[in-house]
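give me the fold of what follows.
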Amino acid sequence: MNEEARFLSRFPPFDGLEPDQLERLAGEIVTRRLSAGARVLVQDGPPGDHLFVVRSGTMELLRNDKVVGVIVAGEVFGHPTLLTSQPPAFTVRTREDAVVYAIPRAAALEVLSSERGVAFVADTLRERLVRTAQTIRATPESRMVHVASLIRRPPAFVDADTPITEAAKRMSEELERAVLVVTPRGLGIVTDRDLRDRVGASPDAPVSTIMTTPVATIRGDRLAPEAAVEMMRVGVDHLLVVDARGRAMGVISSGSLMTLDALSPFAITQSLSTAKNEDEVVAAAAHIPELFVALLDANLEAHDISRVLTVQNDAAVARLLDLAIGRRGVPPAPYAWLALGSVARWETTLASDQDNALAYADVDDPDADAYFEQVATDVNAGLARCGWALDVSDVLARNRQWRRPFSEWTQMFGDCLEHPDHSNLVRAALTFDFRQVTGKLDIVRPLADILRQAFHYPGFLVRIARTATDVRSPLGFRQRLTGPVDVKKGAALPIENLARFHALANGVTASSTLDRLAAIEGLGILTREMAKSLQEAFHIVWRVRLEHHAAALAVGREPDNVIDTDRLPPLARLDLQAALRAILAAQRRMSHYVPLGM
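Got it, this is the predicted structure:
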């Protein structure tokens, strides 16, 4: 039996055919190799005259330009239009490069008219009708899908000493994009990307030499949006799904999450990353507020939602930089694009504006800064078009103050510690929360090394402490909450500043507020009770801010951070009030280091 016949024999409706029937059918096949975006059938277009089977790759099923399903290797499409000679009810296009078997009408009708074929047609038509109805009439429900329901087959396992070629063959035969590697120390994973990225490895080498371990996992009862966030958090494109006892159920990929709807975090990131021009970047970013609302409705944790927003921001920055460099020419030196503020801390909200900077290597080129000024101006303008407003204080990479060669950045960080006057304190508050988004310049390590020396500068630390203690609490008489409150300035900011102070004072270089609080708790700097109360307070404030942003979107307002607390639901107001009291207690506790009112 030839390769085509063996492949067909594994899938309905061909799995009931005799070997000689399969051989004859395989002889009729025309193999088509399709590039990403190719349309095989077009909704309301010419009737199809072939039955199609996906050999490799992935196809999208669209109705009115909305993705209602995905067709993967081994699945069949094109039979409704083939049987009725009517225009296709769906568009079918390739999501990625694909190989498709095309079976001519006569041979296809012979298969579909059999008892097995008739049952197959009935089952698939019903499934696609139901799927279409659910997608078009209740798209938000797709975001409530449990991870376990996305598993198509049990996981494939190989031993650690299995040769790479055998593992690759196993993946191909079983239509898997990943295999789990069994080792004495636990499971590893090898994906199709690993096979592509490590082409230099000897094909006879053990598969364990290219595996990733430990394997990122998720419970099967978690929701699909949570899986998307977990992949982004860990930086992987596959997750092992486990049951309540930790037993392996199957592997899901970022591609399977993208199929749920066009508002998948991965789908938008992909659109941003592959945009052909700035207009397409802006068009992709226009979906971010809708994605935000969907994730909030799915009841994800506030910090996970902000992480997704940060990933979208990073994707937009990276693509806008690529486009700007394409216009301006090859950079004259290695560079680093730096996110500052909330984006650096992975705490992006819809009300976050741009805070960014650019560093470039010291080069003997008088035109280098002019080049990077043009590039930064392009990126800042593009981000503004995407909805991230320009910072009112012009903390932007286009501004020479925030665009410097490497030596000036290290000099500035050192000056902030040694000479903590007002200007340097402002610079420290803005730049000591930094994160490299993209670029090849190695600047994170040297700047972090400088920050680790902050505990040697008590004069600097006293002044940084006051950025936390001097924020006036919005609590009124008897520590009650009433009237409008800016929850960013009055609630989030003091926690952020407290965490930054303790991090700098103890050599902690984590960027996010929650990570800093966890680290200083682990070091014993804060009592467990104080650290947990601040973490809980931050979660409460964060959630209140995000829900306020969603409410603003619902009435067509720009999201802001000023909340009329008198209109909050009673429980939400009590939670926010308790959070503010915890913040005030932490501020007062610091009075031994920097007395309040000084």
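
please report how far residue 81 lies from residue 50.
Shown here: residue 81 relative to residue 50, a distance of 10 Å by C-beta to C-beta, to the nearest Å. Bear in mind the C-beta positions are built from the backbone N, C-alpha and C, glycine included.

for residue 277, which non-adjacent residue is spatially closest?
Among residues not flanking residue 277 along the chain, residue 323 sits closest, at 6.7 Å (C-beta to C-beta, 6 or more residues apart in numbering).

go ahead and confirm that neighbour touches residue 278.
Yes. Using C-beta atoms under 8 Å, residue 323 makes contact with residue 278 at a distance of 5.9 Å.

joint contacts of these two?
Each of residue 382 lies in contact with both residue 323 and residue 278 under the rule C-beta atoms under 8 Å, 6 or more residues apart in numbering.

against which helices or strands is the host helix or strand of residue 538 packed?
Assigned by DSSP states H and E, residue 538 falls within helix 528-554. Here helix 528-554 touches helix 288-297, helix 302-328, helix 487, helix 493-505, helix 513-522, helix 570-589, going by 3 or more C-beta pairs under 8 Å, 6 or more residues apart in numbering; DSSP states H and E.

make it 6 Å
helix 288-297, helix 302-328, helix 513-522, helix 570-589 (3 or more C-beta pairs under 6 Å, 6 or more residues apart in numbering; DSSP states H and E).

hang on, the earlier thing: tell me, how many residues neighbour the residue nearest to residue 277?
As a burial measure, residue 323 scores 20 neighbours (other C-beta atoms under 10 Å).

and residue 19, what is it in contact with?
residue 1 (C-beta atoms under 6 Å, 6 or more residues apart in numbering).

which pLDDT value goes with it?
We have a pLDDT of 90 for residue 19.

I'd like the distance between it and residue 8.
As judged by C-beta to C-beta, residue 19 and residue 8 stand 11 Å apart.

just residue 580 next, same as before
66 Å.

same deal with residue 103?
Distance of residue 103 to residue 8, given as C-beta to C-beta: 9 Å.

next one: residue 173
Counting by C-beta to C-beta - residue 173 and residue 8 are separated by 14 Å.

which of those two has more neighbours?
For the pair residue 173 and residue 8, the greater number of neighbours falls to residue 8 (26 against 12), based on other C-beta under 10 Å.

out of everything not next to it in sequence, what's closest to that one?
In this structure, residue 8 finds its nearest non-sequential neighbour in residue 14, 4.0 Å apart by C-beta to C-beta, 6+ apart.

same question, residue 362
That would be residue 405: by C-beta to C-beta, 6+ apart, it lies 4.8 Å from residue 362.

count of neighbours near the one you found?
19.

report pLDDT for it.
Looking at residue 405, its pLDDT reads 97.

quick check: bridge partners of it?
For residue 405, the beta-bridge partners are residue 360 (DSSP bridges).

hmm, it is touching residue 364, no?
No. Applying C-beta atoms under 6 Å as the test, residue 405 and residue 364 come out as separate, 11.0 Å apart.

residues shared between the contacts of the two?
Counting by C-beta under 6 Å, 6+ apart, residue 405 and residue 364 have no common neighbour.

contact partners for the one residue sitting closest to the centre of the chain?
Centroid-nearest residue in the chain: residue 232, 4.2 Å away (criterion: C-alpha atoms, centre = their mean). Listed by C-beta under 6 Å, 6+ apart, the contact partners of residue 232 are residue 311.

helix or strand for it, just tell me which one.
helix 224-234.

just want the angle from that helix to helix 302-328.
60 degrees (axes from the mean of the first three to the mean of the last three C-alpha atoms, to 10 degrees).

what pairs with the helix or strand just after helix 224-234, parallel or antiparallel?
Next helix or strand after helix 224-234 toward the C-terminus (DSSP H and E): strand 238-242. Note on strand 238-242: by DSSP bridges, its sheet partners are strand 217-219 (parallel), strand 248-253 (antiparallel).

looking at those, which is nearest to residue 90?
The closest of these to residue 90 is strand 248-253. By C-beta to C-beta, the value is 23.1 Å.

rounded mean pLDDT for the closest one, please.
Average pLDDT, strand 248-253: 90.

list of residues touching that strand?
Residues outside strand 248-253 that contact it (C-beta under 6 Å, 6+ apart): 150-151, 154-155, 177-178, 220, 237-243.

kindly report the same for stretch 314-327.
The contact list for stretch 314-327, computed with C-beta under 6 Å, 6+ apart, reads 269, 272-273, 275, 278, 281, 285, 375, 378-379, 382, 386, 437-438.

please redo it, this time with the cut-off set to 8 Å
The contact list for stretch 314-327, computed with C-beta under 8 Å, 6+ apart, reads 268-269, 272-275, 277-278, 281, 284-285, 331, 337, 339, 356, 374-375, 378-379, 382-383, 386, 388, 437-438.

one step back: mean confidence (pLDDT) on the helix holding residue 232, please.
Averaging pLDDT along helix 224-234 yields 77.

ok, back up a step: among the strands paired with strand 238-242, single out whichever gets nearest to residue 395.
Closest to residue 395 of the strands paired with strand 238-242 is strand 217-219 (C-beta to C-beta; 37.3 Å).

now that closest one, how far from the centre of its chain.
The chain centroid and the centroid of strand 217-219 are separated by 17 Å under C-alpha atoms, centre = their mean, to the nearest Å.

end-to-end on stretch 37-47?
With C-alpha to C-alpha, to the nearest Å applied, stretch 37-47 spans 20 Å between its terminal residues.

cool, stretch 336-346 as well?
First-to-last residue span, stretch 336-346, C-alpha to C-alpha: 18 Å.

with stretch 223-242 instead?
13 Å.

please identify the buried residues of it?
Going by neighbour count (16 or more other C-beta atoms under 10 Å), the buried part of stretch 223-242 is 223-232, 236-242.

try stretch 82-96
Applying 16+ other C-beta under 10 Å to stretch 82-96 flags 82-83, 88-95 as buried.

no further queries at this time; thank you.
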